[in-house]
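A.B. asks: this is a predicted model, with the sequence first.
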Amino acid sequence: MLLASVLLLLPLLITLNLKHEGENVVAAQDNLQSYVSETQLQDGLLWRVIGGRIPPEAARQQVVASRERAAAHLAKSVSLGLSAEAGADIATLSQSYDHAVDAEQRLLAQGLTQQALSLHLVGQLTATLNSLAVDLSAQAGKAQRWGDLGVLATVLLSLMAVTVVQGRRRRIEVRQQTRQQSEARYRTLIDRSSDLVLVLDPDGKLSFASPSAERLLVGEDEANGRAREGSAADTSLADATLADLLAVVDPADRARLSVALQTATAENRAIGEFRLNSTQHSSTFELALQDLSGDPSVNGVVLTGHDVTDRLALHQEMEHRALHDELTGLPNRALLFDRCEQALLGAERTGTTVGVLLLDLERFKEVNDTFGHHYGDELLRQIGPRLAGRLREVDTVSRLGGDEFAILLQDVKSVDVAVEVAATLLAALEAPFHVEGVDLDVEGSIGVVVSGEHGQNVISLIQHADIAMYVAKTQHLGVFAYDPSIDEHSASKLALVGDLRRGLECDELVLYYQPQVSASTGALVGAEALARWQHPLKGLVMPDDFIPVAERTGLINPLTRRVLDIALAQARTWIDQGRPLPIAVNLSVRNLHDENFVDLIAQLLDDYDVPARLLELEVTESAIMIDPERARQTMEKLSALGIRLSLDDFGAGYTSLSQLKDLPITDLKIDKSFVMSMAHDAKDSLIVQSLISLGHNLGLTMVAEGVESAELLAALAGLGCDVAQGHHISEPIPAADFDTWSMTGR
C-alpha cells in the first residue's frame, strides 16, 4: 500500500514538478514578451519625437520609465527559469541598445539618417533572441516533453522579436529611399527649369539658388563652368547676399523689390514684374516673394520667377498694331483721337489752342492705276516722314485710311498760324517722291480747324476739318479753314452727325425696297434699296435728312457699307427662297473715289454668295462730273466684276455724249422731273422719248422714275421704255411687305 502510494506519489510529484517547471517557463516567456513590448514602446516614442508629435523631454521621461519596467521583466524571467547567463547577455545588450537608441534619436533629429542606421544592434539583438528561444525551448522540452506550449511560446517570442526589429529597419529604409527619390526628382526639375528659385535667409544671404538664378547672378560662362565641374547650384553662391541680387535688378526697379521683400509674408505673396540684367541680355521676370522663415525646412524668403519678356513684347506689339497704321506705322484714327482728347484737356488747363489738319492727296489714284499698288504703298510710307520733317516733335501725323492723313498741332496761336502750317505741308509735297527709280508727284487738299473757334471736342473738330477739306478739294483751294457760314446745316443737323455715327454702330439703319417692273408687262424685274434711319427718338428719318450729312462728314463710306450688307443679305434670302431678284443700291461720289471700294464690293459678294449680276449700283451724273476720269476707272473695275451700273437722274446733269459712250453703264434712269410732267407737257414728253431712243441706240436699258399714274405707265410703255418705278406701282416698303406685294401684285 505504502509502495503503491509512493509509486503513485512519485509520478504525481514528478508531473507536478514538470508542470510547475513548465509554468515557470511560460511565465518566463510572458515576462520576456513584456520586455519586448517595452522595447517596442521605446521605439514608438522615438518615432513620435521625430514626427514632432511629442516633445523630446516628455519622451525621455517615458523612455526611462519603460526601461525600468523592462529591467524588472527581465529579472523576473531569469528567476522563473531563464538562465542567468542568458539574462546577463540580454541585460548587457539592452544597455548598449539603450545607448544606441539615445544616439540614434539625436542623429535622426539632425537629419543624419545614414549615421543613425549604423548604430542599430540589429544583428546582435536578433542572435541573442534566437539563442534565448533555443534555451527556453530546451527547458520546456524537459518539463513538458509532450506539450507544445513552451516551444510555441519560444518560437512565438523569437518571431515577434525578429519581426519588431526587421519591421523597424524596413521602415527606416523605405523612408530613406522615398526621401532620396523625392529629393532627386526635385533636383532634376529645378536644374532643368528656366524659372528662378532663390532663398534669402534672415541674415540676408542666399542659401539656395537654382541653376537659372546662378546663371543670372554670376554669368552664363562661370555658371556653365561650375556645372561642368559638378558644383551644385545652391553651394556655388555660398557668399552671395541680397546686394548681389539687387545688383542684377534694373536700378529703376530696385526700390520696388526692396519693398516687396519687406512686405512679403507666409500668407500673402508679393508679386511684381522686375527687369533683371545679366551679362548677356536684359529680361523682365515676374517674381513672387513669400516669407517662409517660420518653416525650419526653408528658413528664409523664397523668390520664384519666370521670364515674361516675350509675353510683354507680344503685348506691346499687339498694342502698337491696334494704335498704328499697318502700312505706314503712323498713329491711326484711334490713337489720333486719344492724343487729341489729351491735347484738348491740356489746352483747357493752360488756356492754349489745338489745331487739326485733314489732308487728302490728289492724283494718288493715278499712281496706283499707272504703276500699281506697290508704288502707291511705298509713296504712302514716304508721306508721313515728309510731313513730320516740317512739324515739331509735339505734333502728330496720323493716317486715317486710304490717302487721307490728319495732323494734330499742339499749342497753336491762331487759325492763321494753323493755315500757314498747312501751306508749309503742301509745299513739302511739291518735291517728287522717289520710289524704285521713279519720280512720283502728288498734291493735296487740307482742311483746317482750331479748338474753341471750330469745336470743343474731337468729334466736332474732325467733322469740321472734313468739311473744310472737302471745300478745299472741290474748289481747288489747296488749304481752307472751316467757316461756319459755308455750312448750310443748322446746329440740330450738326448734332445729327453724332446720332448718325451712333446709329450706324447700333444697326439703326434699315432698307425699304421699291419695286421695278417691266413697263410693257408689269412683271417684277428688280428692286431699288432705299435707306431709312430708325432713330430711337425721332422715329423714321428719311434719306434727304441724313444722306447729305453723311456725304459731308465722311460717314458716307460706312453708311454705304451698311446698306450693301443689308441689301446683299436680302438678296441671299430671296435666292434661298427660289426667287432671285436684282437689287439696286445708290452710290456716293466718295465711294467712287475710295481706292478700296472695288475690293470691298468683291468681298461682300463673296461673303454673301450673291452673283454679281444681281447687284446694280446707281451713280448720279453729278458724282461723275467731280472727277470724271477717276469715276470712270472705278466703274470699269466694277463692271469687270459683272455688276450692272446705272446712271441715275439722267437728263438733269451735265454728262456729255462723249462721256456717256465711254462709261461702262448698262442702265439709264430718266430723271423723274421729266417723267412726272410728260403727261401735260409736250416738251418733256418729247425729251423722254428722245432719251429712250438715245439709250436704246447705245444698247442701254431705260428706266423711268416717278411713275405716279396709270396714264404715265401706259405712255412710257408706248414710248418703248423698258422699266418703270414710282408710287403708282408701289412706294418703298419694308422687305416683309415687299414679299407680300410681289406675291399679290399689290
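C.D. replies: Cool, got the structure. Numbering: from 1, shown residues only.

A.B. asks: where exactly do the helices run in the stretch 301-450 of the chain?
C.D. replies: Remark: helices assigned in the stretch 301-450 of the chain by DSSP state H, counting those that start in this stretch are 309-323, 333-350, 364-371, 373-388, 415-428.

A.B. asks: what bits of the stretch 351-500 of the chain have low per-residue confidence?
C.D. replies: Along the stretch 351-500 of the chain, segments meeting pLDDT under 70 span 486-495.

A.B. asks: all strands for it, in order.
C.D. replies: In the stretch 351-500 of the chain, the strands defined using DSSP state E, counting those that start in this stretch lie at 355-362, 396-401, 404-409, 433-435, 438-440, 443-450, 479-481.

A.B. asks: of all the ones you listed, which one comes closest to residue 23?
C.D. replies: Across these, residue 23 has its closest neighbour in strand 396-401 (110.6 Å, C-beta to C-beta). From N, CA and C alone the C-beta is placed, and that goes for glycine too.

A.B. asks: list the contacts for residue 455?
C.D. replies: Under the criterion of C-beta atoms under 8 Å, 6 or more residues apart in numbering, the neighbours of residue 455 are 449, 461, 463, 464.

A.B. asks: phi, psi for it please.
C.D. replies: phi 160, psi 160 (degrees, to the nearest 10).

A.B. asks: for residue 356, see how far away it is.
C.D. replies: Distance check for residue 455 against residue 356: by C-beta to C-beta, to the nearest Å, it reads 9 Å.

A.B. asks: if we can go back for a sec, what would the helices of the stretch 301-450 of the chain look like in a markdown table with distance to residue 546?
C.D. replies: Below are the helices of the stretch 301-450 of the chain laid out as a markdown table (distance: least, C-beta to C-beta, whole Å):
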| stretch | distance to residue 546 |
| --- | --- |
| helix 309-323 | 30 |
| helix 333-350 | 22 |
| helix 364-371 | 28 |
| helix 373-388 | 32 |
| helix 415-428 | 29 |
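
A.B. asks: among those, which is nearest residue 512?
C.D. replies: helix 333-350 (31.6 Å).

A.B. asks: quick check: angle from that closest one to strand 396-401?
C.D. replies: 140 degrees (axes from the mean of the first three to the mean of the last three C-alpha atoms, to 10 degrees).

A.B. asks: who's in contact with helix 333-350?
C.D. replies: By C-beta under 8 Å, 6+ apart, the residues outside helix 333-350 that reach it are 322-324, 331, 352-354, 356, 396, 398, 400-401, 406, 408, 410-411, 451, 456-458, 461-462.

A.B. asks: could I have the buried ones of these as PyMOL selection syntax?
C.D. replies: Of the contacts of helix 333-350, the buried ones can be selected in PyMOL as follows, counting by 16 or more other C-beta atoms under 10 Å:
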select buried, resi 323+324+331+353+354+356+396+398+400+406+408+410+411+451+458+461+462
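
A.B. asks: neighbours of residue 382, how many?
C.D. replies: Residue 382 has 15 neighbours, counted by other C-beta atoms under 10 Å.

A.B. asks: residue ranges of the helices in the stretch 501-650 of the chain, please?
C.D. replies: For the stretch 501-650 of the chain, the helices defined by DSSP H, counting those that start in this stretch occupy 543-553, 556-576, 589-593, 597-608, 621-626, 628-640.

A.B. asks: highest average neighbour count across those helices?
C.D. replies: Of all the helices of the stretch 501-650 of the chain, helix 589-593 has the most neighbours on average by mean count of other C-beta atoms under 10 Å, namely a mean of 21.

A.B. asks: got the CA coordinates for that one in CSV?
C.D. replies: Taking Å, rounded to 0.1, in the frame of the first residue of the first chain, the C-alpha atoms of helix 589-593 are listed here in CSV:
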residue,chain,number,x,y,z
VAL,A,589,-19.1,110.4,-105.1
ARG,A,590,-16.8,109.4,-102.2
ASN,A,591,-17.5,105.7,-102.9
LEU,A,592,-16.2,106.2,-106.4
HIS,A,593,-13.0,107.9,-105.1
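
A.B. asks: out of the helices of the stretch 301-450 of the chain, which gets nearest to residue 468?
C.D. replies: helix 415-428 (9.9 Å).

A.B. asks: what's the angle from that closest one to helix 373-388?
C.D. replies: Going by the same axes, to 10 degrees, helix 415-428 makes 140 degrees with helix 373-388.

A.B. asks: which other helices and strands does helix 415-428 contact?
C.D. replies: Using 3 or more C-beta pairs under 8 Å, 6 or more residues apart in numbering; DSSP states H and E, the elements in contact with helix 415-428 are strand 355-362, helix 373-388, strand 404-409, strand 443-450, strand 479-481.

A.B. asks: do you know how far the residue nearest the centre of the chain is from residue 322?
C.D. replies: By C-alpha atoms, centre = their mean, the chain has its centre lying nearest to residue 315, at 8.7 Å. Residue 315 sits at a distance of 11 Å from residue 322 (criterion: C-beta to C-beta).

A.B. asks: could you do residue 251 as well?
C.D. replies: Going from residue 251 to residue 322 by C-beta to C-beta gives 31 Å.

A.B. asks: same check, this time on residue 585
C.D. replies: Separation of residue 585 from residue 322 (C-beta to C-beta): 32 Å.

A.B. asks: what's the burial count for the closest residue to residue 387 other than its chain neighbours?
C.D. replies: In this structure, residue 387 finds its nearest non-sequential neighbour in residue 397, 4.9 Å apart by C-beta to C-beta, 6 or more residues apart in numbering. If you count neighbours by other C-beta under 10 Å, residue 397 ends up with 24.
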